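Visitor: Could you work out the structure for the sequence below:
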Amino acid sequence: MSISESVLSQGLLSSDALPLYARVAARLLDDISEDGAKPGDRLPSERALVARYGVSRVTMRAALSELAARDVVASSPARGWFLTEGSSRVLSAPSSPSADGEGRTVQGFADYAEQHGLRTRAEVLVSRVRAATVREAEQLRIGPGADLFEMRRVRFLDDLVVVLEHNRLPIGLCPSLAATDFSTESLFAMLRRADPPQLPRVADYSVEARQPTDEERGLLEITDSTPVLVATQLAFNQHSQPLELTVAIYRGDRYHFRASITG
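Guide: Model prediction:
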């Protein structure tokens, strides 16, 4: 069965469709779990949490209220916010990638292939370290001219071309990127093995359809009027720091985007 017949369906987002306060609550919950916190432990002050997650006090209080409603935290006039006995049940639940958007991890192309028993490979067109542009620096929250890792590659599933990817990441988060052969290596797997690990937790994601350029037609082996779907993703790590900026150009007949939206 070809990819066009089976339709490539990817849920690349974890919780980016949620309101900001819910995304902050999910990040806070992940950080609490990773820190090995236990019931009765006190959270940092609201001021410290606001600074850590880069949100307003109103948003942070909404996030804490969300966790309070789930019996994870409670407030005390004398103690601030602390973990409840009920938090042990929530914090012990496993967190894993999900194709339907319910997990706490952003799923990558190779993750999808592995889940579905598909072979993946890539033809790397560009792999280098260069200075970030002003726009890239703004998006990745690094200084203009700071070193970033840039990669362009064409990716295949079962030897069928599916997507042309353009990835950009701050090289300081994972210096070994520059020496890695990404014709077979998974970018997200590499990030998860970094020291310290870089875990893609949340992503801002947008998709638009258009006609391919001449270069894209050649690389994606398009010989008719098939459009492309252009997906732009900005992924954040477990510390809410921008991790990866990607523009992925998919053959429109080999990609199906699916997400759950919560109001």
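Visitor: Strands of the stretch 151-263 of the chain, start to end?
Guide: In the stretch 151-263 of the chain, the strands defined using DSSP state E, counting those that start in this stretch lie at 160-170, 202-210, 228-236, 242-251, 256-257.
Visitor: For Val124, which of those strands is the nearest?
Guide: Proximity to Val124, assessed across the strands of the stretch 151-263 of the chain by Cβ to Cβ, is greatest for strand 160-170 (10.0 Å). Every C-beta, even on glycine, is put in place using the N, C-alpha and C of the backbone.
Visitor: packing partners for the closest one?
Guide: helix 3-6, helix 134-140, strand 147-157, helix 214-219, strand 242-251 (3 or more Cβ pairs under 8 Å, 6 or more residues apart in numbering; DSSP states H and E).
Visitor: Could you list the low-pLDDT ranges of the protein?
Guide: Scanning the chain for pLDDT under 70 picks out the ranges 1-18, 88-105, 258-263.
Visitor: care to break it down by domain?
Guide: Domain assignment of the chain by automatic domain parsing yields the ranges 3-16+95-257, 20-91.
Visitor: need those domains in JSON lines with mean neighbour count, can you?
Guide: As requested, the domains of the chain are exported to JSON lines (neighbours: other Cβ atoms under 10 Å):
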{"stretch": "domain 3-16+95-257", "mean neighbour count": "17"}
{"stretch": "domain 20-91", "mean neighbour count": "16"}
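Visitor: For Gln233, list each beta-bridge partner.
Guide: Beta bridges link Gln233 to Tyr205, Thr246 when assigned by DSSP bridges.
Visitor: that older thread, can I get the helices and strands packed on strand 160-170 in JSON lines with distance to Phe188?
Guide: Putting the helices and strands packed on strand 160-170 into JSON lines (distance: least, Cβ to Cβ, whole Å) gives the following:
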{"stretch": "helix 3-6", "distance to Phe188": "20"}
{"stretch": "helix 134-140", "distance to Phe188": "17"}
{"stretch": "strand 147-157", "distance to Phe188": "13"}
{"stretch": "helix 214-219", "distance to Phe188": "22"}
{"stretch": "strand 242-251", "distance to Phe188": "8"}
